[in-house]
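**Student:** Here is my input; please provide its structure:
(one chain, ligands or ions: 2)
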Amino acid sequence: MAKVGVLLLNLGGPERIQDVGPFLYNLFSDPEIIRLPNPALQKPLAWLISSLRAGKSQEAYRSIGGGSPLRRITEQQARELQSTLRQRGIEATSYVAMRYWHPFTESAVADIKADGIEEVVVLPLYPHFSISTSGSSFRELQRLRQTDPGFAHLPIRCIRSYYDDPGYIGAMAELIAREIQACPEPATAHVFFSAHGVPKSYVEEAGDPYQQEIEACAQLIMERLERDLGHRNPFTLAYQSRVGPVEWLKPYTDDALHELGGQGVKDLVVVPISFVSEHIETLEEIDIEYREIATESGITNFRRVPALDTTPTFISGLADLVQHALEGPEVNLDQAAALSTKVKLYPQDKWAWGWNNSSEVWNGRLAMVGFSAFLLELLSGRGPLHALGLL
Ligand SMILES: C=CC1=C(C)c2cc3[nH]c(cc4nc(cc5[nH]c(cc1n2)c(C)c5CCC(=O)O)C(CCC(=O)O)=C4C)c(C)c3C=C
Ligand SMILES: [Fe+2]
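**Tutor:** Ligands and ions are numbered 1, 2, ... in the order given. A predicted model of the protein is given here:
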């Protein structure tokens, strides 16, 4: 049997406070995270946004112990998946490829080559596909395959998403049921799915299937809760973690919490639906910020469902996915990253009068030119604003 490598993809997180700035810079340098019409502006803008955000982010990481637990948990998931596969007679080795922090994708690929792996299964630790997460990691791997013949020749089987996989759905339902049962009145507890958001334009203009996969997933989990565990509870789906001034998927988690509190909901079972590991968005944003908002809104019992981490049914579900991928055809990175309804990736170029998409595009472009000139002047110390004594 060929030597199999299972490459687990995740986002990565800063392990120490001093890593926060460079981690944010890597994240905002990614065109799949901020989509600009002009690639030359990507790095200056990444530098500016990461510098502006670093203080707030550092404070959040400090409140959860000074760094992200994502690497530790992902490596533990990788070890447990490897041993489950070996118990099933599949001689696989697992590798972790983070997109924006250590261990970076390049180093995972270097390890795969050094170990003489003969075929690769790519498994994102994101059950739902988004351009900004799995899509970005698939593209990074594609870049590495294009420049490295030693990696390019390996047969590859990519798992695009598994939001509807029975193993994953069952593991989620199991954890949610435990929290429902711990409520004083389990039958009326409100199940609250909080998914990481993405800008609305990703879905409506670029054709990101993320929202559709999240909605279908929440529905499947509720059906499983009823069918196998006898829980028929009301539920809400909302989106958290928005960044920047543009509109993100709605309803926003904070607004939805206010609304449920106003409706008199007392018992809330909060499900971090797009995350399979504990990290800053579960430990800080949900456990601290949203708990506070919920309490202020009158919700008296706020129970957060733990992330899947190394829950045995989840790991065994991942092993099933790998096993099925190995039995099936090769699925390359382009196929895995393809968007079925690509509407519009970059804004239109044609000028049109009036308050329309074209004028917004051109306003944005002019603002970018102005911003770049300002940045250049700030860095060089020379220019019209200095001449006028304004800088
Ligand atoms: C399903 C998961 C995720 C989606 C979708 C996603 C999109 C997305 N994220 C940002 C901006 C930030 N994300 C940050 C951290 C972070 N995000 C995810 C997951 C998804 N992101 C993870 C797993 C992490 C790592 C958390 C950790 O423990 O370190 C951050 C940094 C933290 C902060 O400052 O808030 C930012 C910023 C955008 C813009 C985006 C979609 C376009
Ligand atoms: Fe994020």
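**Student:** tell me the pLDDT at the residue nearest to Gly170 when sequence neighbours are not counted?
**Tutor:** If you skip the residues right next to it in sequence, Gly170 has Thr313 as its closest partner in space, 6.0 Å away by Cβ to Cβ, 6 or more residues apart in numbering. Where you see a C-beta, it was placed from the backbone N, CA and C, and this is true even at glycine. Predicted confidence (pLDDT) for Thr313: 98.
**Student:** Mind listing what's buried along the helix or strand that contains Thr313?
**Tutor:** Per DSSP states H and E, Thr313 falls inside helix 312-327. Of all the residues in helix 312-327, those buried under the rule 16 or more other Cβ atoms under 10 Å are 314-323, 325-326.
**Student:** likewise stretch 99-114?
**Tutor:** For stretch 99-114, a neighbour-count test (16+ other Cβ under 10 Å) marks 99-101, 103-105, 108-112 as buried.
**Student:** before we move on, what about stretch 218-228?
**Tutor:** Taking 16+ other Cβ under 10 Å as the basis for neighbour counts, the residues of stretch 218-228 that come out buried are 218, 220-222, 224-225.
**Student:** Show me what residue of this structure gets nearest to ligand 1.
**Tutor:** Closest contact between the chain and ligand 1, by Cβ to the nearest ligand atom, is at Gly13 (2.4 Å).
**Student:** how about the nearest residue to that residue, chain neighbours excluded?
**Tutor:** Nearest residue to Gly13, sequence neighbours excluded (Cβ to Cβ, 6+ apart): Ser68, at 2.6 Å.
**Student:** can you check His190 too?
**Tutor:** Counting by Cβ to Cβ, 6+ apart, the nearest residue to His190 once its immediate chain neighbours are dropped is Val265, at 4.7 Å.
**Student:** Would you agree Ala336 falls within a helix?
**Tutor:** Yes - the assignment for Ala336 by DSSP: H, G, I helix; E, B strand; the rest coil puts it in a helix.
**Student:** was I right about it contacting Val121?
**Tutor:** No - between Ala336 and Val121 there is no contact under Cβ atoms under 8 Å: 11.4 Å.
**Student:** higher neighbour count, the two?
**Tutor:** Residue environment comparison for Ala336 versus Val121 gives the larger neighbour count to Val121, 25 against 22, counting by other Cβ atoms under 10 Å.
**Student:** what angle sits between the helix or strand where that one lies and helix 312-327?
**Tutor:** Element membership for Val121 (DSSP H and E) is strand 119-124. Computed by axes from the mean of the first three to the mean of the last three Cα atoms, to 10 degrees, the angle separating strand 119-124 from helix 312-327 equals 140 degrees.
**Student:** Contacts only, for the closest residue to Pro166 other than its chain neighbours.
**Tutor:** What sits nearest to Pro166 in space, not counting adjacent residues and going by Cβ to Cβ, 6+ apart, is Gly317, at 7.6 Å. Gly317 is in contact with 162, 165-168, 170-171, counting by Cβ atoms under 8 Å, 6 or more residues apart in numbering.
**Student:** Roughly how far does Ile117 sit from Gly150?
**Tutor:** From Ile117 across to Gly150, the span is 11 Å (Cβ to Cβ, to the nearest Å).
**Student:** Strands of the stretch 151-300 of the chain, start to end?
**Tutor:** Read by DSSP state E, counting those that start in this stretch, the stretch 151-300 of the chain holds these strands, from start to end of the chain: 156-158, 190-196, 235-240, 267-272.
**Student:** quick one: the helix or strand hosting Gln142 to chain centroid distance?
**Tutor:** Following DSSP H and E, one finds Gln142 within helix 136-147. In terms of Cα atoms, centre = their mean, to the nearest Å, the centre of helix 136-147 is set 18 Å apart from its chain centre.
**Student:** what residues does the stretch 201-350 of the chain put near ligand 1?
**Tutor:** Near ligand 1, the residues belonging to the stretch 201-350 of the chain are 243, 274, 279-281 when assessed by Cβ under 6 Å from any ligand atom.
**Student:** Apply 8 Å and report the result again.
**Tutor:** Remark: the part of the stretch 201-350 of the chain in contact with ligand 1 comprises 202, 210, 241, 243-244, 274-275, 277-281, 283, 285, using Cβ under 8 Å from any ligand atom.
**Student:** Quick check: which ranges of this structure have low pLDDT?
**Tutor:** Applying pLDDT under 70 to the chain flags residues 341-391.
**Student:** care to break it down by domain?
**Tutor:** Domain assignment of the chain by automatic domain parsing yields the ranges 4-163+311-338, 166-304, 355-387.
**Student:** circling back to that earlier point, let me see the contact set for the residue of the chain closest to ligand 1.
**Tutor:** The contact partners of Gly13, by Cβ under 8 Å, 6+ apart, come to 23, 67-71, 101, 279-280.
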